[in-house]
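Engineer: no FASTA, just this:
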Ligand code: GDP
């Protein structure tokens, strides 16, 4: 159980991130509004609530949180932000891609996908990057409690995403269904994180 989650820094370029220093990092990525803050609060049992809700800098910063002074959670900029300036989306993409490819202490990634809506092209693109880079990661489906009265169900959306990946890959990443409302999936996410972090 995480006790203290403290903001260590906000970086707008990969070069401005805190020194790697052999401190293992677990990064979270997903489109804006995917439920990232809610998931962080869920898995930290609220220990990170204050720091997470008071997001420093702009939506385009990468925020490093020290967890109990032992490892880091890294909140990467959300992709596909509707009001992004021209050129900004490409800049975020490049920033994130560089981080995935070069950060030597990156232990793994949680790729958050909103299961209450059909998966987006960006969701697929990020999953493909992580697989291509051989970065350890898991898909975390968010909002799994949210079945809408009309349209595709949570199960339909999850199956559609899986089918997209199956078109390209034989081996798929693990997939965890979560809800910050019902707390579904919390233990599985924590188990995945602890499989990456050696104390
Ligand atoms: P962020 O922008 O990715 O940090 O997303 P937030 O955590 O702020 O959540 C965006 C919106 O989705 C908010 O209105 C949340 O209340 C809602 N939300 C987040 N997680 C869940 C969930 O598990 N279930 C439901 N029903 N809504 C959620």
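Structural biologist: Done, it's in. Just so it is clear, the structure is predicted and the values come from calculations on it, not from any experiment.

Engineer: and residue 145, what is it in contact with?
Structural biologist: Applying CB atoms under 8 Å, 6 or more residues apart in numbering, we find residue 145 in contact with 154, 179, 181-182, 184. Every C-beta, even on glycine, is put in place using the N, C-alpha and C of the backbone.

Engineer: my guess is residue 118 contacts residue 154. True?
Structural biologist: No. With contacts defined as CB atoms under 8 Å, residue 118 does not count as touching residue 154, sitting 10.8 Å away.

Engineer: compare these two (neighbour count), which wins?
Structural biologist: Ranked by neighbour count (other CB atoms under 10 Å), residue 118 and residue 154 place residue 154 first, with 20 against 13.

Engineer: wait, what's in contact with the residue lying closest to that one once chain neighbours are set aside?
Structural biologist: In space, and not counting its chain neighbours, residue 154 is closest to residue 115: 4.7 Å by CB to CB, 6 or more residues apart in numbering. The neighbourhood of residue 115, defined by CB under 8 Å, 6+ apart, consists of 141-144, 146, 154, 157-158, 177.

Engineer: and the pLDDT for residue 115?
Structural biologist: pLDDT for residue 115: 98.

Engineer: re the thing from before, tell me which of the contacts of residue 145 fall in helices.
Structural biologist: residue 154 (DSSP state H).

Engineer: now the buried members of the contacts of residue 145.
Structural biologist: 154, 179, 184 (16 or more other CB atoms under 10 Å).

Engineer: list the buried residues for the longest helix along the chain?
Structural biologist: Under DSSP H, the helix in the chain containing the largest number of residues is helix 88-102. Of the residues in helix 88-102, those buried under the neighbour-count criterion (16+ other CB under 10 Å) are 92-93, 95-96, 99-100.

Engineer: what about the residue positioned nearest the centre of the chain, which SS state?
Structural biologist: Centrality entry for the chain: nearest residue to the mean C-alpha point is residue 28, 2.4 Å, by CA atoms, centre = their mean. At residue 28 the chain is in strand, as set by DSSP: H, G, I helix; E, B strand; the rest coil.
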